[in-house]
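Engineer: With the input below, show me the fold.
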Amino acid sequence: MEILRQLQKGAVPQTYLRGLAAVSSSRLSVVLKGKSDDIIHGNRKVCNGNMRHFAPISHKFPILLIRNGALLQTQASVLTTNQACSYHSLLRSVNSYQRTEKDLLSTCLTVSATNTMSKRDLSMAWLESLTVFQASWFQSLAESRFVEGLMGGLQVIHDSLHVPWWSSIIISTIILRGLLTFPLAVYQNYILSKVENLKGELDALAKELGRETALATKKFGWTQTHARYMFNRSVSELRKDLIVRENCHPFKASLVLWFQIPLWIGMSVSLRNMASMMPHQDTAAQILFLELSTGGVSWIPNLIEVDHSLILPLAMGITNLLITEVNALSRVSKSRMQVILTNVFRGISIAIIPIAATMPSCVVLYWVTSSVCALIQNLALMHPQLRQACGIPKTPSQIPKPYQHLLSQLQNRFTRRKS
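Structural biologist: Predicted coordinates:
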C-alpha cells in the first residue's frame, strides 16, 4: 500500500528501486505510467507527455512493458544502471484505485515468473564454471616447472642420441621406466610378500587368542558381543605390532602409483605441449614443432597429427587388456573385490581407445610404449629367480612355474567358454 501511495503522489523512492533490483538476477529498469503506448527504451526520448526521462539506461536484454502502471522489467540479468533516473507525474490519469492495485499485482506475478526463468537459465552455470576451472588447471599444469623439466629432458635425449623423435620417445619411456618405475615395482612386491608372510603367523596367534577369549568369557561372564569385540580388537593390535616389527605397512605398496601416475600425466602434457607449441610460442617451439612433424615412422610420419589408421590406439587398448588378464590369471584365489576391479580395468582399457584416437600420435606412442613396458615388467617379476635376485621374499602363493600356469589358466578359460 505504501508503494501505491508513492505512485499516486508521483514519486518513486530510490529504496524501492534498489529493493526490486535485488530480486534474484533480474533488475528493475524503469517505472513508468502513461496513456500512450509509444514507449522507447535506450538513449531515445520517451514519447509521452505525462512523464520525463532524464537519463539513459544501459540494457543488455530486451525489455518487457507492463502497461497502466508500472514496470519495465528485463527478461534476465541486465547491466547495472549507469545513471540515476527520475520520473515525475506517474499517475495523473483517471484510473481508479482498484485498477492500479490490479496492475501492481500483475506486475509482481510477472517479476516472479521472470525470476523463475532466470534461475532456470542459471542452473547450468556450474558447468561453465567447471570448464573454466579445468582450462585454468590444465594451463597451470602445462606451464609448471615439472612439465618444462620433462620437456627439457626429452630434448636432451633427442639431441644427444641424434635419432628421430619417434625413437627418442620410445627410448625416453624405457629409461624412465627402468630408472624409476621398475625399482618401485620391486619394492611393491617386496612389501606385499612380507605382508602375505605375516598372515601365517597372525593366524596362529589368532587361534591362541580365540582360546583365551573363550576362557575369559566363562570366567568373567562376557556376552558374545563383548567377547567378539575384545577378540577383534586384540587381533587388530597384534596385526599392527607385526607390521611395525617387519616394517611393511601396506600403504608403502602404493608408492609406485604415487610416482607413476604423476609421471604419466607429466609426460603426456609435455608431449602435448611440444605438439601444440605450448606454453611459449617462440622460435624454439616452432623448430620443435617442425621436427615432430617430420619425425615419425612408417604409417605415422607426422607425430603432430592423430593416427588415422588407429593402429596405436588399438595397440594401447590391447596391451592394457593383456596387463589386466595377466594379473587376473596369475592369482591362485580371487576375492569379490578383485573380480570387480578386474572388470573395471577391462572397461577402462576399452574406453581409452576412442580417447587415444583423438590425441597426437606422439602422445599415443608414449602411452603404447609405457603399457608395453608395464606388461614386460609384470611378466618379468613373476620369474622366481628374478624375484630372488631382487630380494623379494618367497611366499606361499608364489608359483614355481608361473608362465606354464598362465598358459594352463588361459586354456582352461577357453575350454569353459567352448563347453
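
Engineer: Please enumerate the strands of the stretch 151-300 of the chain.
Structural biologist: Ranges of strands within the stretch 151-300 of the chain: none, based on DSSP state E, counting those that start in this stretch.

Engineer: Below-threshold pLDDT in it: ranges please.
Structural biologist: For the stretch 151-300 of the chain, no stretch is flagged by pLDDT under 70.

Engineer: now the helices for it?
Structural biologist: With DSSP state H, counting those that start in this stretch, the ranges of helices along the stretch 151-300 of the chain come out as 165-176, 182-220, 224-246, 255-275, 283-293.

Engineer: ok, now the stretch 301-419 of the chain?
Structural biologist: Using DSSP H, counting those that start in this stretch, helices in the stretch 301-419 of the chain cover 311-329, 336-356, 361-380, 384-389, 402-418.

Engineer: related to what we said a few turns ago, turn the helices of the stretch 151-300 of the chain into JSON lines, columns for distance to residue 321.
Structural biologist: For glycine as for every other residue, the C-beta is placed from the backbone atoms N, C-alpha and C. Formatted as JSON lines, the helices of the stretch 151-300 of the chain follow (distance: least, Cβ to Cβ, whole Å):
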{"stretch": "helix 165-176", "distance to residue 321": "20"}
{"stretch": "helix 182-220", "distance to residue 321": "20"}
{"stretch": "helix 224-246", "distance to residue 321": "34"}
{"stretch": "helix 255-275", "distance to residue 321": "18"}
{"stretch": "helix 283-293", "distance to residue 321": "29"}
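
Engineer: Any idea which of these gets closest to residue 377?
Structural biologist: helix 182-220 (5.8 Å; Cβ to Cβ).

Engineer: Now do that closest one against helix 165-176, angle only.
Structural biologist: Going by axes from the mean of the first three to the mean of the last three Cα atoms, to 10 degrees, helix 182-220 is angled at 40 degrees with respect to helix 165-176.

Engineer: Would you mark the buried spots in helix 182-220?
Structural biologist: For helix 182-220, a neighbour-count test (16 or more other Cβ atoms under 10 Å) marks 182, 184-195, 197-198, 202, 205, 209, 213, 217 as buried.

Engineer: Let me see the contact set for the closest residue to residue 206 other than its chain neighbours.
Structural biologist: Once flanking residues are discounted, residue 206 sits nearest to residue 235: 5.4 Å by Cβ to Cβ, 6 or more residues apart in numbering. With contact set as Cβ atoms under 8 Å, 6 or more residues apart in numbering, residue 235 has these partners: 202, 205-206, 209.

Engineer: ok, now residue 278?
Structural biologist: 142, 272, 285.

Engineer: What is the neighbour count of the nearest residue to residue 167 once chain neighbours are set aside?
Structural biologist: Excluding the flanking residues, the one nearest residue 167 by Cβ to Cβ, 6+ apart is residue 161, at 7.4 Å. Using other Cβ atoms under 10 Å, residue 161 has 12 other residues around it.

Engineer: could the helices of the stretch 301-419 of the chain be laid out in a markdown table, adding distance to residue 178, mean pLDDT and mean neighbour count?
Structural biologist: A markdown table is the format used below for those (distance: least, Cβ to Cβ, whole Å; pLDDT from 0 to 100; neighbours: other Cβ atoms under 10 Å):
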| stretch | distance to residue 178 | mean pLDDT | mean neighbour count |
| --- | --- | --- | --- |
| helix 311-329 | 18 | 93 | 19 |
| helix 336-356 | 24 | 92 | 13 |
| helix 361-380 | 8 | 95 | 21 |
| helix 384-389 | 14 | 93 | 12 |
| helix 402-418 | 22 | 84 | 12 |
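
Engineer: can you list the domain ranges for the chain.
Structural biologist: For the chain, automatic domain parsing gives the domain ranges 2-123, 153-190+254-418.

Engineer: How much space separates residue 169 from residue 184?
Structural biologist: 22 Å (Cβ to Cβ, to the nearest Å).

Engineer: now swap in residue 342 and tell me
Structural biologist: The value you get for residue 342 to residue 184, if Cβ to Cβ is used, is 22 Å.

Engineer: Please apply the same query to residue 312.
Structural biologist: For residue 312 relative to residue 184 (Cβ to Cβ), the value is 26 Å.

Engineer: what's the answer for residue 265, then?
Structural biologist: In terms of Cβ to Cβ, residue 265 sits 16 Å off from residue 184.

Engineer: again with residue 246
Structural biologist: Residue 246 is 19 Å from residue 184, by Cβ to Cβ.

Engineer: got it, and residue 308?
Structural biologist: 36 Å.

Engineer: do the same with residue 195
Structural biologist: The gap separating residue 195 from residue 184 is 17 Å, by Cβ to Cβ.

Engineer: how close does the spatially closest residue to residue 246 that is not a sequence neighbour get to residue 388?
Structural biologist: Ranked by Cβ to Cβ, 6+ apart and with sequence neighbours excluded, the top spatial neighbour of residue 246 is residue 194, at 5.3 Å. Going from residue 194 to residue 388 by Cβ to Cβ gives 15 Å.
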